[in-house]
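A.B. asks: Next one to model:
(2 chains)
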Number of protein chains: 2
Amino acid sequence: MTTDGVPQRTGNNLDPWYANYAERAAGFAASEVRALFAVASRPEVVSLAGGMPFVSALPQELIHSSMERVMRDQGPTALQYGGGAGIPSLREHILDVMGLEGIRGASVDDVVTSTGSQQALDFVAKLFLDPGDVVLAEAPSYVGAMGVFRSYQASVVHVAMDDEGLVPEALRETIAYLRGQGRRIKFLYTIPNFHNPAGVTLSAARRPEILEICRQNEILVLEDNPYGLLHFDEPAPNALRSLDPEGVIYLGSFSKTLAPGFRVGWALAPHAIREKLILAAESAILSPSSFSQLVVSEYLSTADWRGQIDTFRGVYRERKDAMIEALSEYLPQLSWTNPNGGFYVWVTMPDVLDSKQMLPRAVRELVAYTPGTAFFADGRGRHAMRLSFCYPTPEAIRLGVRRLATVVNGELDLIDTFAGTGSLQSPTTPGIELAPPSDLK
Amino acid sequence: MTTDGVPQRTGNNLDPWYANYAERAAGFAASEVRALFAVASRPEVVSLAGGMPFVSALPQELIHSSMERVMRDQGPTALQYGGGAGIPSLREHILDVMGLEGIRGASVDDVVTSTGSQQALDFVAKLFLDPGDVVLAEAPSYVGAMGVFRSYQASVVHVAMDDEGLVPEALRETIAYLRGQGRRIKFLYTIPNFHNPAGVTLSAARRPEILEICRQNEILVLEDNPYGLLHFDEPAPNALRSLDPEGVIYLGSFSKTLAPGFRVGWALAPHAIREKLILAAESAILSPSSFSQLVVSEYLSTADWRGQIDTFRGVYRERKDAMIEALSEYLPQLSWTNPNGGFYVWVTMPDVLDSKQMLPRAVRELVAYTPGTAFFADGRGRHAMRLSFCYPTPEAIRLGVRRLATVVNGELDLIDTFAGTGSLQSPTTPGIELAPPSDLK
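C.D. replies: Take a look at the predicted model:
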């Protein structure tokens, strides 16, 4: 199509359309987790990096028979477009699921299903975030959520957490500091249960206090709860949404309690917001997959899904125990969180170690993890890493942690040798890195 | 959670979060098509309004057996997260599908699957559109695309089309006019085949000319082609993408040739753009449904999908013929397009009639259509309507058009009676409404 005498497209050799992108596209960068998926997919590597649920523990014949019944009884509906808010029967089941976390009296009209809860995150961000707006999030926070907020040109500001979750005083100080700077805070994004990546749970005592701080400051709460039902001992405290229906958008997902391959998640939103969420959903995809939704709905109607979640709990508890035992045995000089549910342990190393720099050596030793920097918007996390226990077997987890110990100890030996001190620095920030407001400047 | 002495949220009684939305949310409004879906779902109404394919013509046992094989042979993969670009085997099949429209030599790496091609539209818009940017589109254009562009605060400017599709001279003049106004044009959005809603096809002769105009003006072309394979007589000309791989993003879909319930569509993009599309996809949904993609892939591997599309062609050709015959018989005073494929006929009425005002009367007569204003960003289309022949049977179509004639003739009688002239105005803009650049001011 090149014609002599006609001007060439601007841009550059790599991309003729380089000059045409929207401003927000500058924030589209491959996440560290993404690059790791490729590495971790090699079978000889023990991956403690991804967040893939162990779907082989599912009763596949029950899923299969759900599909058969959907095709037999509702074939044309399953194959057709549906409504933008999702299939009503599924949304009724979702009310039952949320009832297990204390959410009662919600209307099926206020549930909007989505292509995984990730998409509900995207809809909420699209609805609320102007360039320059601030989203508050735990320090550290879910890498995929921070990517969404960045894709709408918002800034993530972290709020300190400790073993009881988000620290109320840190939240107050951070809000005051940002307000003093004239920043516009749009919402608090929080994962109260079995946090990704930190593994901690917001205590029952702090929940009303966090909500009250947000209410006083007119800050919406975005409660992301994919792991809530996957507790190991006692259940997580009731959902934030159960305490403040008008102040919280709740996000839920079947990706961890059933299977991510269907891509079925949901938002439960205050009534006025849910109207706009449906419009955002219709604009983005017209309607979510009728087929996927009906299969999940049929499964929930006919299978013992509560028993199935119990099975998952047992699987993940055993793997978490294997990981904690292996860390105690092979890496006693590090510190870590000990989660009561979910998929992740957050490990803090001595300050002399850098988890991102160390990763290539770890992969050479055939173990992968996610460097802590992936979970901070501000460059922190170098001395930390996220270890996932959801997918590998307990034996693989032990092997992976042993390999990780080889890498960590090798690094420390090297540093000792070069520094010539012979002493091992202990972590300055045991457990979770704190983010005092002074760090925000 | 209300506490005395604590300030209440701002906003209003209907929505406490009213003051918190992003600027772009002001553009989120329910489309006219959306309201119609509710009306048209009543069984006694003949709906000529929606764009639902006739999925009952599908061999459901073949889809069922595809599912069975997927669960039997690839169950854990189907239930798991996948890659952001989509399942490789499906993307290979997509190359074969596009080969039928002259697209050859494309790389499987440059195909990105999405939750219906609607979502690919959303990704492209997110990647390219800043507030105030202009998207060029045919007059009229697809309501769902204009909604996406508006949701990123871009403006749609229409370019005239006639029975051969987009008018090259009008495109040139519109670009020159907008450039003179200092507007930034990001892309031309076009549906070259069996246009929604106009029913016309861009002629082979005009295709290189349209591409050349865009190339000279450094305007990317977004080619939306959900209906291309659903031709009634001769095939549509080769895709625009086949003529300019670096200048076109091509969008395809299985929603019309297979079934929308899977929500599987795709984009084929220039290499550098496709990298960013994958990042946009991962941000929005992590990965599309593995299960849906594998079922579609398995169906394409094992079923006679070309024969199945032939069956659809026969079904839709018969329905289109029924609609054109009924229009000729019952509404000879109107004008309409006669499509060679796709789902839609565009009907133009006398200027004295208003299709939006007339709609409630039509629904009272138990027939529904989409008013022409839905397909314009600038208020035009009042004297036009879109009639869909895809879903109702030929008998229902005849009945629906007869009911429509009762409404139209009743309106004209009423106008004649009140005007006392006894003469019927003929349409001033037969066929498709033209958009001269002078209309843009």
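A.B. asks: contacts and neighbour counts: CA atoms only from here.
C.D. replies: Fine.
A.B. asks: Mind jotting down where the strands sit in the stretch 51-200 of chain A?
C.D. replies: Using DSSP state E, counting those that start in this stretch, the strands assigned to the stretch 51-200 of chain A run over residues A:111-115, A:134-139, A:155-162, A:165-166, A:185-190.
A.B. asks: Export those strands as CSV, with columns for distance to residue B:299, mean neighbour count and mean pLDDT.
C.D. replies: Listed next are those as CSV, based on distance: least, C-alpha to C-alpha, whole Å; neighbours: other C-alpha atoms under 10 Å in any protein chain shown; pLDDT from 0 to 100:
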stretch, distance to residue B:299, mean neighbour count, mean pLDDT
strand A:111-115, 22, 29, 97
strand A:134-139, 44, 25, 98
strand A:155-162, 44, 24, 98
strand A:165-166, 48, 25, 98
strand A:185-190, 41, 24, 98
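A.B. asks: possible to save these as a markdown table with distance to chain B?
C.D. replies: Output for those, formatted as a markdown table (distance: least, C-alpha to the nearest C-alpha, whole Å):
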| stretch | distance to chain B |
| --- | --- |
| strand A:111-115 | 6 |
| strand A:134-139 | 12 |
| strand A:155-162 | 14 |
| strand A:165-166 | 20 |
| strand A:185-190 | 7 |
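A.B. asks: export those strands to a markdown table and tack on distance to residue B:272?
C.D. replies: Listed next are these as a markdown table, based on distance: least, C-alpha to C-alpha, whole Å:
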| stretch | distance to residue B:272 |
| --- | --- |
| strand A:111-115 | 26 |
| strand A:134-139 | 30 |
| strand A:155-162 | 26 |
| strand A:165-166 | 40 |
| strand A:185-190 | 32 |
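A.B. asks: So what would you say the end-to-end distance of stretch A:136-144 is?
C.D. replies: Its start and end residues considered, stretch A:136-144 measures 15 Å (C-alpha to C-alpha, to the nearest Å).
A.B. asks: low-confidence ranges in chain A?
C.D. replies: A:1-11, A:13, A:31-37, A:39-40, A:420-441 (pLDDT under 70).
A.B. asks: Would you mind measuring from residue A:54 to residue A:349?
C.D. replies: 28 Å.
A.B. asks: In terms of packing, which of those two has more residues around it?
C.D. replies: Between residue A:54 and residue A:349, counting by other C-alpha atoms under 10 Å in any protein chain shown, residue A:349 is the more crowded of the two (25 against 22).
A.B. asks: Kindly report the domain assignment for chain A.
C.D. replies: As given by automatic domain parsing, the domain ranges for chain A are A:28-57+A:308-418, A:60-302.
A.B. asks: Kindly compare burial across the ones you listed and name the winner.
C.D. replies: domain A:60-302 (a mean of 22; mean count of other C-alpha atoms under 10 Å in any protein chain shown).
A.B. asks: So for residue B:231, which of the domains of chain A sits nearest?
C.D. replies: Minimum separation from residue B:231 across those (C-alpha to C-alpha) falls at domain A:60-302, 21.2 Å.
A.B. asks: can you pull out the helices in chain A?
C.D. replies: For chain A, the helices defined by DSSP state H occupy A:32-40, A:60-79, A:88-99, A:116-128, A:143-151, A:168-180, A:206-216, A:240-243, A:271-285, A:290-302, A:305-330, A:355-364, A:394-419.
A.B. asks: can you tell if the fourth one touches chain B?
C.D. replies: In other words, helix A:116-128. Yes: using C-alpha under 8 Å from any C-alpha of the partner chain, we find that helix A:116-128 touches chain B at A:116, A:117, A:118, A:119, A:121, A:122, A:126, A:127, A:128.
A.B. asks: give the contact list for the most centrally placed residue in chain A.
C.D. replies: The centroid of chain A falls nearest to residue A:142 when counting by C-alpha atoms, centre = their mean (4.2 Å). Residues in contact with residue A:142 (C-alpha atoms under 8 Å, 6 or more residues apart in numbering or on different chains) are A:196, A:197, A:375.
A.B. asks: same thing with residue A:94?
C.D. replies: Residue A:94 makes contacts with residue A:111, as judged by C-alpha under 8 Å, 6+ apart.
A.B. asks: That one and residue A:216: what is the separation?
C.D. replies: 30 Å.
A.B. asks: surely residue A:389 meets residue A:319?
C.D. replies: Yes: Residue A:389 is in contact with residue A:319 according to C-alpha atoms under 8 Å; the separation is 5.7 Å.
A.B. asks: which residues do these two both contact?
C.D. replies: residue A:397.
A.B. asks: follow-up on the earlier one: okay if I get the domains of chain A as TSV plus distance to residue A:21?
C.D. replies: Listed next are the domains of chain A as TSV, based on distance: least, C-alpha to C-alpha, whole Å:
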stretch	distance to residue A:21
domain A:28-57+A:308-418	11
domain A:60-302	13
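A.B. asks: and of those, who's closest to residue B:12?
C.D. replies: Among these, the nearest to residue B:12 by C-alpha to C-alpha is domain A:60-302 (10.5 Å).
A.B. asks: Identify the residues contacting the residue in the stretch 101-250 of chain A that chain B sits nearest to.
C.D. replies: Residue of the stretch 101-250 of chain A nearest chain B, by C-alpha to the nearest C-alpha: residue A:128 (4.3 Å). Each residue near residue A:128 by C-alpha under 8 Å, 6+ apart is listed here: A:186, B:20, B:21, B:22, B:25.
A.B. asks: try 6 Å this time
C.D. replies: By C-alpha atoms under 6 Å, 6 or more residues apart in numbering or on different chains, the contact set of residue A:128 is B:21, B:22.
A.B. asks: Residue A:140 now?
C.D. replies: A:375, A:376.
A.B. asks: could you measure residue A:79 against residue A:64, distance?
C.D. replies: On the measure of C-alpha to C-alpha, residue A:79 and residue A:64 end up 17 Å apart.
A.B. asks: Next one: the residue nearest to residue A:363 when sequence neighbours are not counted from residue A:364, what distance?
C.D. replies: The spatial neighbour of residue A:363 that comes closest, neighbours along the chain excluded (C-alpha to C-alpha, 6 or more residues apart in numbering or on different chains), is residue A:45 at 7.1 Å. The spacing between residue A:45 and residue A:364, counted by C-alpha to C-alpha, is 9 Å.
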